[in-house]
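1. Provide a 3D model corresponding to the input given below.
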Amino acid sequence: INAEYMGEHKRRRVYRFNEALQNEIKDASSKEDDLLIKEEQSNPPESLSKVIKSMYCSSSEEEGDSDEEYVVPKILYSSRTHSQLKQFVSEISRTIFWKDPTIKLLQIASRSTLCINQRVRDKAGNNQNRITELCLDLLAKTTPKKRKSRIAMELTTQEEDEELENQCSCPYMDASALRQLKYYIQVDPRDIEDMIEEGKRIKACPYYASRKAIASSNVLILPYQSLISRATREALGVDLNENVVIIDEAHNLVDTINDMHSVEVSYMQIKQASILLSEYLIRYRERLLPENKDNILLLVRIMDQLLKLFSPNPKLKPNEDTIRVVGINQFLFDLQLDDINMFKMEQFIQRSEIIRKLTGILEQQKRQHDESKGEVRIHRRKKTTNTTTPTMQHEPLGYNIEDFHVQQLHLVERFLVAIMNMDEDGRILITQSMDLKKCKVRFVLLNPGVYFEDVVKQSRSMVLAGGTLEPIQYVISELFPPSVHENIKTFTYNHVIPKENLLAICLDKGPSGQLFDFTYNQRNKPEMLSEIGRLLNNVVNIVPDGLVVFFPSYRFEEQVYQFLNSQGLLTNILTKKKLFREPRVNESNVKDTLKCYFEEIDNSMKDKPPPTALHEVTHRGAILFCVMGGKMSEGINFADHYARCIVVIGMPYPPPQDPIIKEKMAYISRKTKNTTAANDYIEQICLKTVNQSIGRAIRHINDYASILLVDHRYSRASTMSRLPKWMKESTYHMNSFPPAFQTMRNFFAGLVLK
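-> You can find the predicted model right below:
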């Protein structure tokens, strides 16, 4: 970002301001009140729109000498996780830009990541929304009379009134300390850990210090959620206009947007929201204005109608579940909610801060529970004729307070927001069961492009980057409207490694001549499972160090392992390499398994002299069974000896009976009016998962590995064209196993003994 571009950026902003201002003046002149702007006027006229006001202020600031408020052009770099962003900062530190004083790099994160107020974190637990609520409460400085909204003030509970009166503002919001931390952040590029550590040392909030540094920073580093969510961008003060957006690891972008805007709520969560709303209404109805009371009654009605979705179905068997798919409009009509303006309901929820109020009731009930260890009780009003104040009596709810969680209230709110989407952009999945704990309703987003559109329109230009973006057409069709397709340019680059460091083979048949056909109906046959055992027994004889095997699903991996173990086909493998398997459960187990796998390989190589023959290195290392699309198929670095060979068994096509897949295929057919487009989508989903697994190996210029694609379908021209182009020159189709075995043996012998 040089001075010439900065000057052009400034001129463009002033020109846009003048042009837009003239247009608004013309429009305003036709109204009853004339718009008069004096030359000496320093503040924008009240009748101007918010956009023009912001441009007016920006233009005035640019004409002045205030470096504090000057907004510079920016590059916004985004990736999926904070660990990937940290890696990017680490890579930047190795370049000449690291010490360039004109480059001000800033990493942005959420309150939940940057908050250093331990009292807030202890009270909120792991709930991100609750951290935000408590943070804003501290900043409000306290009495209900000073609340920013009349509705919010009116809906404040008595318990909150007492608590707020005793509160003080956050101790990490000292202006001098915030300014000091802001300068610390901008002197040199800092990662999240640096900001938190320095914030604790000088008692300054990293979140608000980083927000103050946004305007004058020219490189912003932020996670997907902060970039894609308009509300988050506005809260942070991140503007995309005239700025360049770079999205790394972009193969994750479609799934991230779908996950961000799809939401599932259970019967129990809806029931709990309904209980808390009713409790709140009965407690404080005498303090509510009629309008607010009506809105809360509407929310109670919505909850009650949602609960009717799960009315007992006599046709269901005791252990039987059914899934019904409906459109958004049909869903609202069936529940008789089509007469409710959901947009106004969401505005009321936000303005009134009703979720925070319900959270206060929930926390009060939990405190009472801790004292009495009893059951949650709700207030019911007795019928009286001579008082204006309701008399309360306690009735048991039948629910244990320990089952109530704050995040469930936010999930219900997210669901109400989700059903405000256009009918064609999403579907509702209703799961019914005789067991109410299994009942749930889920909104599934079908069109991620609708939430990415404003990012595309606002940014000056955009770069999507990734090592496994193929098949690229899948990303383009999902995220970009057809009107911009002609402006999209794609570039594919060769790998940094020499051609001879990579060998990829599409293998049709196994050692016994059995055709590898891992379609759903064929892969469970004993002859197919036996052929996998024979293949692996041969491969371990020629692969040095680490061997990683990917399966299409956890269920199939389990089936293969049990079969090989029962038939004694694992015996020879285990004499060469120790076997590890990807756990299906939590992330900590995955980390433990990877640690053991890496240590086994490292220990087997300790104090070993340089090999003189291939067999000297094949009797060491380990073998790892993984799952495509699982926890080890993305973000894991199997560099060097940790993955000298990757074996991909079968193709991970999504199950065609999956209701979400069915609806997505139907949506694509309607959208494109092309009968083959839906099948292409399924193929692209499959190959995207395969390519992601392949990318775990070959991590630097001196690395080498072999990739074995085991299924006759990989040899199809349409499939091979969707494999990564960087491996195209090193990919061979082999119809039988003997030549493939010899080619792999020569490949490893040449590199190991080099």
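2. Please make it C-alpha for all contacts and neighbour counts, starting now.
-> Noted.
3. Roughly how far does residue 96 sit from residue 74?
-> Between residue 96 and residue 74 the distance is 19 Å, computed by CA to CA, to the nearest Å.
4. who's more crowded, these two?
-> Neighbour count, other CA atoms under 10 Å: between residue 96 and residue 74, residue 74 has more, with 24 against 8.
5. so how far is residue 103 from the closest residue to that one other than its chain neighbours?
-> What sits nearest to residue 74 in space, not counting adjacent residues and going by CA to CA, 6 or more residues apart in numbering, is residue 218, at 4.2 Å. Plainly put, residue 218 is 7 Å away from residue 103 if you go by CA to CA.
6. what about those two, which has more around it?
-> The residue with more neighbours, out of residue 218 and residue 103, is residue 218; 20 against 17, by other CA under 10 Å.
7. so where do the strands sit in the stretch 301-450 of the chain?
-> For the stretch 301-450 of the chain, applying DSSP state E, counting those that start in this stretch gives strands covering 321-327, 377-381, 392-396, 426-433, 440-445.
8. Touching the first one from outside, list them.
-> Spelled out, that is strand 321-327. Strand 321-327 is contacted by residues 423-424, 426-434, 659 when judged by CA atoms under 8 Å, 6 or more residues apart in numbering.
9. Is residue 204 part of a helix or strand, or is it coil?
-> coil (DSSP: H, G, I helix; E, B strand; the rest coil).
10. My guess is it contacts residue 183. True?
-> No. Using CA atoms under 8 Å, residue 204 is not in contact with residue 183, being 11.9 Å away.
11. Looking at those two, which one has more neighbours?
-> residue 204 (29 against 15).
12. low-confidence ranges in the chain?
-> 1-70, 140-168, 314, 365-407, 587, 607, 611-613, 615-618, 753-754 (pLDDT under 70).
13. Any idea which residue is closest to the centre of it?
-> residue 256 (4.0 Å; CA atoms, centre = their mean).
14. And the helix or strand containing it, what does it pack against?
-> Taking DSSP states H and E as the criterion, residue 256 maps to helix 253-261. Helix 253-261 is packed against helix 224-228, strand 440-445, helix 472-479, with contacts defined by 3 or more CA pairs under 8 Å, 6 or more residues apart in numbering; DSSP states H and E.
15. Which strands border the next helix or strand after the longest one, and is each parallel or antiparallel?
-> Proceeding C-terminally, helix 472-479 gives way to strand 502-507 as the next helix or strand, assigned by DSSP H and E. Here strand 502-507 is paired, per DSSP bridges, with strand 705-710 (parallel), strand 731-734 (parallel).
16. about what we covered before: what separation do you get for the residue nearest to the centre of the chain and residue 452?
-> Residue 256 sits 11 Å away from residue 452, going by CA to CA.
17. Equivalent analysis for residue 362, please.
-> Noted for residue 362: a distance of 36 Å to residue 452, by CA to CA.
18. what about these two, which has more around it?
-> More crowded of residue 362 and residue 452, by other CA under 10 Å: residue 452, with 21 against 18.
19. wait, isn't the more buried one in contact with residue 478?
-> No. With contact defined as CA under 8 Å, residue 452 does not reach residue 478; the gap is 9.6 Å.
20. top of the contacts of strand 321-327 by neighbour count?
-> The member of the contacts of strand 321-327 that has the most neighbours, counting by other CA under 10 Å, is residue 427 with 28 neighbours.
21. three-state assignment of residue 625?
-> Counting by three-state DSSP, the backbone at residue 625 sits in strand.
22. Any idea how many residues pack against it?
-> 20.
23. and what of the one 10 residues further on?
-> In terms of burial, residue 635 registers 15 neighbours under the definition other CA under 10 Å.
24. nearest residue to it other than its sequence neighbours?
-> Counting by CA to CA, 6+ apart, the residue nearest residue 635 is residue 696, at 7.8 Å.
25. ok so, going back, and the helices and strands packed on helix 253-261: which comes nearest residue 342?
-> Residue 342 lies closest to strand 440-445 among the helices and strands packed on helix 253-261, at 15.3 Å (CA to CA).
26. Could you check the angle that closest one makes with strand 321-327?
-> Angle, strand 440-445 to strand 321-327, by axes from the mean of the first three to the mean of the last three CA atoms, to 10 degrees: 40 degrees.
27. contacting residues around strand 440-445?
-> Contacts to strand 440-445, defined as CA under 8 Å, 6+ apart, come from residues 258, 261-267, 415, 418-419, 425-432, 660.
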